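K.L.:
Could you look at this predicted model? Sequence included:
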Amino acid sequence: MKVNEIILYKVQMKMRNPFTTSFGTEQDRLFLLVEAKNEEGISGWGECVTSERPLYSEEFTQSSWHMLEEFLIPMVLKKEIQHPDELQEKFNMYKRNNMAKSTLEAAIWDLYAKSKGEPLSKALGGVKSTVEVGISLGIEDNVDDLLKSIQQKTDEGYRRIKVKIKPGKDINVLQQIRNNFPDIPLMADANSAYTLKDIDTLKAMDQFNLMMIEQPLTAGDLIDHAKLQKQIKTPICLDESIHSYEDARQAIELGSCKIINMKVGRVGGLTQAKKIHDLCEKENIPLWCGGMLESGIGRAHNMAITTLSNFKLPGDTASSSRYWDKDIIEPEVVVENGQLHVPDRPGIGFDVNREEIKKNTIEMKVFR
Ligand code: OSB
Ligand code: MG
């Protein structure tokens, strides 16, 4: 297979509501799409999950644009590719920049699956035709607003509720949630807002019967998480500390977590995600697929990876309408009773809505 043409799109889309985490608030998404065309003119698509600013990780949309334009696209354009698994090793000559690498790899995975006439989920080794999903709710100024959202999303059938927490918006919030919803599957994501000095607060969270606490301590840390896991009953789930197979191996060996949030962008692509998946399956560490406020293209990729067998917990891939008035794929992603039906058409299995992409594109570059 040869990629004859690559198009890089810089896309701006406004979310229906602001989304607040311990590191900031986001409403205007600025992200990239990659379209990779083969000799027959078939297109594969990938979405870059960066934000405009490097708040979640060191990558940001403009850094990914540069990585793709300057370094990654020239490595694949017009080159013979037998299988997308080859790309990981090629890209590894450059350090990190995982979200940029993942974007181009995702487009080529989609193209590969389409050229074989196979759904992406199958090409990845997926075994499920439906996947269970939950929803991630941001920090609210007013807890009553959060409680209302939880009621609504629970009524809609979402299989677990994830709430964002930070110091001062934690025990009190979780207590009120549990007072109103004693039995819902509930978890909390701190996005690295605590240190071991907050041990009393972190221990106090054990009383809420959380499915897990996600990334309580510093991004990248494994050692302190291992210390913390020994002192709390609630399973720790790592997000911002896992960027590679090696990170996952070391986290498991150290006992830094009992669960991993898989974000394909964060680990540098689907090939690396599969490797981590297989390791975690062997080590009895369940996975779930995290979200990064994706448009439909990213959602479609997330659905595909979630069909692998060790994705045992509901992920973040909610309906398109969670964030978008109008998504850029057709049909849009619709969660029914907390489940997604994975498409059985080739590749990502959704049509991209070119008109909608055009409307939201602020910059574009064609590579031939
Ligand atoms: O930590 O999981 C996170 C969104 C942006 C950055 C980091 C995170 C998140 C989410 C989003 O929790 C969930 C979603 O896409 O719905
Ligand atoms: Mg997280």
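P.N.:
Looks like it arrived, so ask away. Ligands and ions are numbered 1, 2, ... in the order given.
K.L.:
can you list the residues of the stretch 201-350 of the chain near ligand 1?
P.N.:
Selection of the stretch 201-350 of the chain residues close to ligand 1 by C-beta under 6 Å from any ligand atom yields 239, 290, 291, 292, 293, 316, 318. Every residue, glycine included, has its C-beta placed from N, CA and C.
K.L.:
same thing but 5 Å
P.N.:
Taking C-beta under 5 Å from any ligand atom as the contact definition, the stretch 201-350 of the chain meets ligand 1 at 290, 291, 293, 316.
K.L.:
how about the helix or strand hosting residue 12, does it reach ligand 1?
P.N.:
Following DSSP states H and E, one finds residue 12 within strand 3-21. No - Strand 3-21 is not in contact with ligand 1 by C-beta under 5 Å from any ligand atom; minimum separation 6.0 Å.
K.L.:
List the buried residues for that strand?
P.N.:
By neighbour count with 16 or more other C-beta atoms under 10 Å, strand 3-21 contains the buried residues 3, 5, 6, 7, 8, 9, 10, 11, 13, 19, 20, 21.
K.L.:
for stretch 37-47, same thing?
P.N.:
Buried residues in stretch 37-47 (16+ other C-beta under 10 Å): 37, 38, 43, 44, 45, 46, 47.
K.L.:
Most widely separated two among those?
P.N.:
38 and 47 (19.1 Å; C-beta to C-beta).
K.L.:
Would you agree residue 140 is in contact with residue 18?
P.N.:
No - contact between residue 140 and residue 18 fails when scored by C-beta atoms under 8 Å: they sit 9.9 Å apart.
K.L.:
Look through the stretch 201-350 of the chain and state the residue closest to ligand 2.
P.N.:
Across the stretch 201-350 of the chain, no residue is closer to ligand 2 than residue 239, which sits at 3.6 Å (C-beta to the ion).
K.L.:
do you know how far that residue is from residue 21?
P.N.:
11 Å (C-beta to C-beta, to the nearest Å).
K.L.:
Quickly list what's touching both of those two.
P.N.:
189, 191 (C-beta atoms under 8 Å, 6 or more residues apart in numbering).
K.L.:
would you list every one of the strands in the stretch 151-300 of the chain?
P.N.:
Per DSSP state E, counting those that start in this stretch, the stretch 151-300 of the chain carries strands over the ranges 161-164, 186-189, 213-214, 236-238, 259-262, 287-289.
K.L.:
could I get those as TSV with mean pLDDT and distance to residue 75?
P.N.:
Below are the strands of the stretch 151-300 of the chain laid out as TSV (pLDDT from 0 to 100; distance: least, C-beta to C-beta, whole Å):
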stretch	mean pLDDT	distance to residue 75
strand 161-164	98	36
strand 186-189	98	34
strand 213-214	98	34
strand 236-238	98	30
strand 259-262	98	25
strand 287-289	98	27
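K.L.:
Now render these as JSON lines, adding mean neighbour count.
P.N.:
Shown next, in JSON lines, are those (neighbours: other C-beta atoms under 10 Å):
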{"stretch": "strand 161-164", "mean neighbour count": "24"}
{"stretch": "strand 186-189", "mean neighbour count": "24"}
{"stretch": "strand 213-214", "mean neighbour count": "27"}
{"stretch": "strand 236-238", "mean neighbour count": "27"}
{"stretch": "strand 259-262", "mean neighbour count": "25"}
{"stretch": "strand 287-289", "mean neighbour count": "26"}
